[in-house]
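>>> Pasting the sequence and the predicted model now:
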Amino acid sequence: MPPSDDVLQYLPQIKKITMFCYLGDDQLDHILQRVKIVRFSKGETIVTQGDISQYLFAIIKGKVHVSFTDGVGKEIFICDIHKGEVFGEAGMFMAEKRMANVISAGETIALRLHRKDMITFIRKEPHAGNKILMLIVYSLLNKLRSVNRELAFEKQAEVNMEYMDSIIQDFMTETDTEYE
């Protein structure tokens, strides 16, 4: 069974998505039989923090905003994900609550793949499945590296503030013996 016409109309864009660009035509056809094209309007929620979802998404057109709601209900922006990029990779490995909200930043078209369909693909196409899994791991590691950089920068800012606090405290408690 070939991929649906809905999927085939986006084939040139899909072939540019890193997760799929290393697959041969037959392998790509096999995985595209298992995906669905989904469309979102501006402001539409794609993933809700706290929900369990086992879908991976690859953006064909548009972009999405990723944010999370902190303990006091404040929405904190994390990043934007653009055309050709993926999100929801962790859903391929575990049925855990989503850590963030993903909201369409405008008209967005994405490819959606369920975990069960990925497992079926890997069983039928182990060589291609390994390629995709390696690319998913690579994507997750890049995101982890980005988060680690942000944490290091934030930690550095904290250290600098502690240093500044000590300088200010020293200034406030020193007596000026020169003018006495």
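Cool, got the structure.

>>> Can you pull the phi/psi pair for Lys97?
Per-residue torsions, Lys97: phi -70, psi 140 (degrees, to the nearest 10).

>>> Setting the sequence-adjacent residues aside, check what's closest to it.
Nearest non-adjacent residue to Lys97, counting by C-beta to C-beta, 6 or more residues apart in numbering: Gly50, 5.1 Å away. For glycine as for every other residue, the C-beta is placed from the backbone atoms N, C-alpha and C.

>>> least trustworthy helix or strand in the chain by mean pLDDT?
Every helix and strand of the chain was ranked by mean pLDDT, DSSP states H and E. The lowest is helix 126-173, at a mean of 75.

>>> Going along the chain, name the strands of the chain.
36-40, 45-47, 55-61, 63-69, 75-82, 86-87, 101-104, 108-114 (DSSP state E).

>>> nearest to Ser139, of those?
Proximity to Ser139 (C-beta to C-beta) singles out strand 86-87 among the strands of the chain, at 5.9 Å.

>>> and Ile37, how many neighbours does it have?
Residues lying near Ile37 (other C-beta atoms under 10 Å) number 19.

>>> Check the gap between the closest residue to Pro2 other than its chain neighbours and Asp6 for me.
Leaving out its chain neighbours, the residue that sits closest to Pro2 by C-beta to C-beta, 6+ apart is Asp29, at 6.5 Å. Asp29 is 15 Å from Asp6, where distance means C-beta to C-beta, to the nearest Å.
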